[in-house]
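Colleague: Whatever this is, show me its structure:
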Amino acid sequence: MEKKKYNFSHEQYFSIPIDKLSSDKSRPFPLFIYLEQNDHLILIRFAGDELPHEKLQFYKQKKLESFWSLKEFQNEWLKYLDENPNTNGNPLPEQKTYEARSLEAALAVDALTAKELSDEQKKEVLKSVSSGMMSSLSTIKDPAQFQETFKKFQEFTEDVVQTALESHEMESVYDQIKKLTELDHSVVTSSMSVMFALGIGYSDKDFLANLSIGALMHDVGFIELPTNLLTVPETKMTPEQFAVYRSHVQKGVDLVQKNKIPITTQVKEIILQHHEKFDGTGYPLGLKGFKLSEHSQLVSIADRFGLFMNGLYDGVERPPDAALQALKQFDSGSTPRYYSPELFLTVMQLIEDSRQQSTQTKK
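Modeller: This is a model prediction of the structure:
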């Protein structure tokens, strides 16, 4: 079966009540979940894949009543019902539960923790969820709607990261880090970094955990800067102001060491490198090309998106869709200046695909 995002149509799909499924049997039909927000179905299990006890319980906890499948598999479904007549309403055994505050988060957590899914299957689910959520950005017109949408993004990211942090060396300090980095911009950067990563195919839990934590901490050095400087747009700073501003990178590393926060190498790279540029003209180290980590490059792209939104790049505040379009133009020259060309183009394609998906949904 082709791995893609499926448009919802009653003519092509039929519903499968969740209580009709047995959790200890593989199924000869694929399972989809319908996301009403962007009117799409996401394939979560191929025909023959298992859906363990704890995952059925997990989706029930999210008040999911039905899965969906392709009508070409309807005979297999009827045969399955004949072979499993006593599944209706059977209580599921108690298993480990996972945290998720939305169906989108449940899908992502399921993919990250599903041992029965291949890496490619996991990536397809995560890419579909991320793209679907990002498609909502183009519909935001006012600040209240923006706050509501990014609250969902933040909760989604926190649920994903809590799952990714299981057995991670920074699991015990995650709450401490969140308290240390309560800047709105850092939260937006963390959420968008994770969205971008999932949307372009990252499914490694360690990568996602380091990315999110590093994004939360990337501007932690702001604590040591004059408060009035933090409201000056980047392109409007005097040379003297900019000299003070750029010191926040090293101050951030020093602050982490002073507070004895046991960060990973990848998180330290994000703090140190989020203002480096692909052409070597960034700061503080002047690193060039592929000496920059993909973690730090993703955070740098998300950071720039946030600055375009809040006006702290050039003094112009933009709604999310306009900020994404400004981001697309930011490093679009024939010679890359800021970002790895392959990574930047992949993220830009994700943004464009999400916008097109939003347009199709409106139709």
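
Colleague: Give the residue spans of the stretch 51-200 of the chain that score low on pLDDT.
Modeller: Applying pLDDT under 70 to the stretch 51-200 of the chain flags the ranges 86-98, 143, 167-169, 171-172, 176, 178-183.

Colleague: Do you have the strands of it handy? List them.
Modeller: Counting by DSSP state E, counting those that start in this stretch, the stretch 51-200 of the chain has strands at residues 66-70.

Colleague: quick one: the helices in it?
Modeller: Using DSSP state H, counting those that start in this stretch, the helices of the stretch 51-200 of the chain run over residues 53-61, 74-83, 103-113, 119-134, 143-164, 174-180, 184-199.

Colleague: Tell me which of these lies nearest to Gly289.
Modeller: helix 184-199 (20.4 Å; Cβ to Cβ). Quick note: C-beta positions are derived from backbone N, CA and C, even for glycine.

Colleague: Show me what the mean pLDDT comes to for the following helix or strand past that closest one.
Modeller: Later in the chain than helix 184-199, the nearest helix or strand by DSSP states H and E is helix 205-217. When pLDDT is averaged over helix 205-217, the result is 93.

Colleague: pull the CA atoms of helix 205-217 into CSV?
Modeller: This file holds the C-alpha atoms of helix 205-217, laid out as CSV (Å, rounded to 0.1, in the frame of the first residue of the first chain):
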residue,chain,number,x,y,z
LYS,A,205,13.4,9.8,20.4
ASP,A,206,16.8,11.0,21.6
PHE,A,207,17.0,13.4,18.6
LEU,A,208,13.6,14.9,19.4
ALA,A,209,14.3,15.1,23.2
ASN,A,210,17.6,16.9,22.6
LEU,A,211,16.0,19.2,20.0
SER,A,212,13.1,20.3,22.2
ILE,A,213,15.2,20.9,25.3
GLY,A,214,17.9,22.7,23.3
ALA,A,215,15.3,24.9,21.7
LEU,A,216,13.8,25.7,25.1
MET,A,217,17.3,26.7,26.3
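
Colleague: Now that helix: buried residues?
Modeller: Of all the residues in helix 205-217, those buried under the rule 16 or more other Cβ atoms under 10 Å are Lys205, Phe207, Leu208, Ala209, Asn210, Leu211, Ser212, Ile213, Gly214, Ala215, Leu216, Met217.

Colleague: thinking again about what came up before, any idea which of the helices of the stretch 51-200 of the chain gets closest to Leu324?
Modeller: Judged by Cβ to Cβ, the one of the helices of the stretch 51-200 of the chain that comes nearest to Leu324 is helix 119-134, at 8.5 Å.

Colleague: list the helices and strands that closest one packs on?
Modeller: strand 40-45, helix 103-113, helix 143-164, helix 184-199, helix 341-362 (3 or more Cβ pairs under 8 Å, 6 or more residues apart in numbering; DSSP states H and E).

Colleague: relative orientation of it and helix 103-113 in degrees?
Modeller: 160 degrees (axes from the mean of the first three to the mean of the last three Cα atoms, to 10 degrees).

Colleague: In CSV, could you pull the C-alpha coordinates for helix 119-134?
Modeller: Once non-C-alpha atoms are left out, helix 119-134 reads as follows in CSV (Å, rounded to 0.1, in the frame of the first residue of the first chain):
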residue,chain,number,x,y,z
ASP,A,119,11.0,3.2,11.1
GLU,A,120,9.5,4.2,7.7
GLN,A,121,5.9,3.6,9.0
LYS,A,122,6.7,5.7,12.1
LYS,A,123,8.1,8.5,10.0
GLU,A,124,5.0,8.5,7.7
VAL,A,125,2.6,8.9,10.7
LEU,A,126,4.7,11.6,12.3
LYS,A,127,5.1,13.5,9.0
SER,A,128,1.3,13.3,8.5
VAL,A,129,0.5,14.6,12.0
SER,A,130,3.0,17.4,11.8
SER,A,131,1.9,18.6,8.3
GLY,A,132,-1.8,18.4,9.4
MET,A,133,-1.2,20.6,12.5
MET,A,134,1.0,23.1,10.6
